[in-house]
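> take a look and give me a structure for this.
(chains A and B)
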Amino acid sequence: MEASGLRRTFGPDAGVLDLSLAVRAGELMTLLGPSGCGKTTALRLVAGFEQASAGELTLWGERVAGPELHVPPERRGVGMVFQDYALFPHLSVAHNVAYGLAGGGLRRRPGTDREARVAEVLELTGLAGVAGRGVHELSGGGQQRVALARAVAPRPRLLLLDEPFSSLDLALRGQMRAELRAIVKRAGATALLVTHDQEEALSIADRVAFMWQGRIEQVGTPDEVYSHPATLPAARFIGDANIYDLPVEHGLVATPFGEHEAPAGRSRCYVVLRPEDLQVQAGGTPGRVIEREYYGHDQVLHVELAQTAESPSPAPGVRVRVRLGPHERITPTGPIALGLRRNPLLFWE
Amino acid sequence: MAVRTASAGALTTAIAGAGSRAWHRGWPPLAIVAAAAVVAVLCTLPPAHLAWRAAQDPGTAWSTLAASPVPPLAARTVAYALVTTAIATAIALPVAWLTTRTDLPLRRLMTVLAALPLAIPSYVAALVAVSALGPRGLLQQALEPWGVERLPSIYGFWGAAAVVALVSYPLMLLTLRPAIANLDPRLEELSRGFGYGRWTTLRRAVLPQLRPALLSGGLLVALYALADFGAVSLMRFDSLTRAIFVRYTSGFDVTGASTLALLLMVIALAVVALEVSTRGARRHHAARGGGGAPPTISLGRWRWTALGGVALLVAVALVLPATVLGYWLVRGLAGGEAIAGLGETVTDTLLAGTLAALATAAAAFPVALLAARYRRFLLTRPIEVAAYAGYALPGLTVALSLAVVAVHLGFLYQSILVLITAYVLLFLPQALGATRVALIAVRPSMEEAARSLGRRPWRAFAEVTLPLTGRGVAAGAALVFLTTVKELPATLLLAPTGFETLATRVWSASSEAFFARAALPALLLIALSILPIAATGLWRRDA
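I've put the predicted structure just below:
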């Protein structure tokens, strides 16, 4: 799939969606962004439920949207998993899955037996045992599998998933994430999944596209977008961050943890420190632990940088969150000295 | 912490998403708009035609309105509606309170029984009253051996008001019960806590909370009373409806009848406007701050007295009519009049009901579709309002205006088509409600899913939306069927010569005092009317 400058305007005061994005064959891409950034509209544009006002969209080389062109959803060969699943309550599980095959859809291959495909997909999604049941008899996870099975059964050119985990409870989400990825991969589908949950976006994706205010800000592998966010919103939204707006002097920005080279010609810049990029370091910047949240797999300290007897603090009163391994012994409200594991990220406007 | 924020975020997105995607953003299909617009025009055409006629000849219209009998007639009609509402409230308020808040014995049974008189068509109740208490009625016959030759007259203003109140008080009862059940008990506790007595508490803390429900229920009863034709006629009370009917059928005074119908419509619309404005206020009151369910009040030694009161009401409003009709049925069967010619009547009734149900369901669908899915579309609101005209317009007004239009067009006169149109107009709101609810349950994403699976729009609609709304549409159609079967004034006015429904049979038999002939169709009508009351879930839903 390739979208270039696909636009949709929502009146004078509302935002503009401007989508330029390429999904590679066979990959699972997540479209990540905060609520209201236009992710769902982007998905609906690709599916053909909304008409673009400008730009172009091609699926496997075929133009499906462009100037004077709007191929309706039924002729795009795009499968969709809806946020509310939108299962057909009057049909059984098997009939839901067979629905896209019944009418001789876009990619129906001669000689492919419909029953066989339904059985295959039900097997793939672990639904073989409940084929005859009504969809209301299934749990949330089961319904999600049916929605997925129904969408992949006709072998869509592109599979779109709109917040597929939002109706599931937390305990089920992690499990379904891995399962969904496995199913999509085994079905050999190319997929674009929309989510506002950064953990979900990072853990499930081959690549992540970050969307902010109607635009794609960055596309990359999960570790790329996390370690090297391209913009400040990306850094702020993807993962936890300590963010400081600091002055630049003589090409250098002075952070509480040392000086760093700043871009030329700027008077201020944003310094972003991931909590886990800080560590306890003898002789480092002194501070005092004011709060400790212990999670088991790790712990987060709220530290206020402060003067101590041994060394003066470069930035008294500044607060910083530090993420440490679970085994570091920390005295709450006690003194601490901090240093950096890796250089901070710098952004400017 | 991170986990918790994520889930809260998911929740708000889910809610926002569900809200925004329940409605289509775009324009509705042209065919739907066209169909809905036709229905809306049809609904507003007859009253508009009446108004237009009056405007064509304002002199005659004005002189009709100013002529000596009309102002007192209008005043009398309004007074009758007010008195009826007062009686209905006096009956419904204590019964509603007893059946929701107290330990009344047989509470569940009494709740159902007290609501059932709604199933008795007003003209059947009037028939019962006349045949039992009227001159040469059952009571007088029974008292004859003691030399009683005349009973006090039951005809006129008070008789009509009493009969109509006895069949319409359930409207008030059904409005009041949920309101009483949802009263905030903390206000009562607070009032008692301040040392106020029971009665002061009732007056100052409870009744003000019930005001919106009282108004709403009262306006329903008033509307019922204003529109009623059968009972007032049988009770020989000259209300507007009776005057319209007499002028049109006996006097052939089309202009006079039209003008009066217009006057009745204006009064009814004023009532509806009042109702709508209080409904707005009611939303304000509906905010309930918890405090739990109100406690059940123990009646103590008054329990059985209270039960006696409710039982007396049930006896008068329900058992008495059934007994009287049963008596006439037995007498009719003995005399061979009970079933004569009933076969044709049943056939005609089924035909009228079925056609009305089908036509109304078909007319309701496009309007319901707009209302359910295209709320932001410019024409949705006006079309919806027009379609609800039948709720406000008295049946006689609609029937008369259609008759005038049909006469005007010539070829439609005396056609069953006009009769069915009247039914559609009058009962469209009933079908609309059920259809709309069913359509809302089919989320647009389901149709979108079908489209992404290769279906063209109309096939997605036919394969997904239609099967899923079938039950709701059928329920609406069934309700229309049952209401059609009971309908009297429009049927009387518009039915082709020789076409007789159960309702008109009861009417003609009772206006000629052939009570035995009316008994079986009347009982059939009551039995049929109980069905939708049962379907509303009154039987299941109770504390």
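
> from now on I want contacts and neighbour counts done on CA atoms only, so please keep to that.
OK.

> isn't B:T241 up against B:A231?
No. Look at B:T241 against B:A231 with CA atoms under 8 Å: they stay out of range, at 10.4 Å.

> closest point of the stretch 151-300 of chain A to chain B, which residue?
In the stretch 151-300 of chain A, no residue comes nearer to chain B than A:S166, which is 5.8 Å away by CA to the nearest CA.

> wait, that residue touches A:Q83, no?
Yes. With contact defined as CA under 8 Å, A:S166 reaches A:Q83; the gap is 6.9 Å.

> give the contact list for the residue lying closest to B:V124 once chain neighbours are set aside.
Take B:V124 and drop its neighbours on the chain: the residue closest to it by CA to CA, 6 or more residues apart in numbering or on different chains is B:A522, 6.2 Å away. By CA atoms under 8 Å, 6 or more residues apart in numbering or on different chains, B:A522 lies in contact with B:V124, B:L325, B:L502, B:A503, B:V506.

> distance of B:A522 from chain A?
40 Å (CA to the nearest CA, to the nearest Å).

> can I get the CA coordinates of the helix or strand hosting that residue in PDB?
Using DSSP states H and E, B:A522 sits within helix B:515-535. Extracted in PDB, the C-alpha atoms of helix B:515-535 (Å, rounded to 0.1, in the frame of the first residue of the first chain):
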ATOM      1  CA  PHE B 515     -76.100  -4.300  23.000                       C
ATOM      2  CA  ALA B 516     -76.100  -8.000  22.500                       C
ATOM      3  CA  ARG B 517     -74.800  -7.600  19.000                       C
ATOM      4  CA  ALA B 518     -71.900  -5.400  20.200                       C
ATOM      5  CA  ALA B 519     -70.800  -7.700  23.000                       C
ATOM      6  CA  LEU B 520     -68.700 -10.200  21.100                       C
ATOM      7  CA  PRO B 521     -66.800  -7.700  18.900                       C
ATOM      8  CA  ALA B 522     -66.200  -5.600  22.000                       C
ATOM      9  CA  LEU B 523     -64.800  -8.500  23.900                       C
ATOM     10  CA  LEU B 524     -62.600  -9.400  20.900                       C
ATOM     11  CA  LEU B 525     -61.300  -5.900  20.800                       C
ATOM     12  CA  ILE B 526     -60.400  -5.900  24.500                       C
ATOM     13  CA  ALA B 527     -58.600  -9.300  24.100                       C
ATOM     14  CA  LEU B 528     -56.600  -8.000  21.100                       C
ATOM     15  CA  SER B 529     -55.700  -4.800  23.000                       C
ATOM     16  CA  ILE B 530     -54.300  -6.600  25.900                       C
ATOM     17  CA  LEU B 531     -51.600  -8.100  23.700                       C
ATOM     18  CA  PRO B 532     -49.500  -4.900  23.200                       C
ATOM     19  CA  ILE B 533     -49.800  -4.100  26.900                       C
ATOM     20  CA  ALA B 534     -48.400  -7.500  27.700                       C
ATOM     21  CA  ALA B 535     -45.700  -6.900  25.100                       C
END
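
> enumerate the positions of it that are buried.
B:515-523, B:525-526, B:528-530, B:532-533 (16 or more other CA atoms under 10 Å in any protein chain shown).

> ok, stretch A:132-144 next?
A:G134, A:V135, A:H136, A:G140, A:G141, A:G142, A:Q143, A:Q144.
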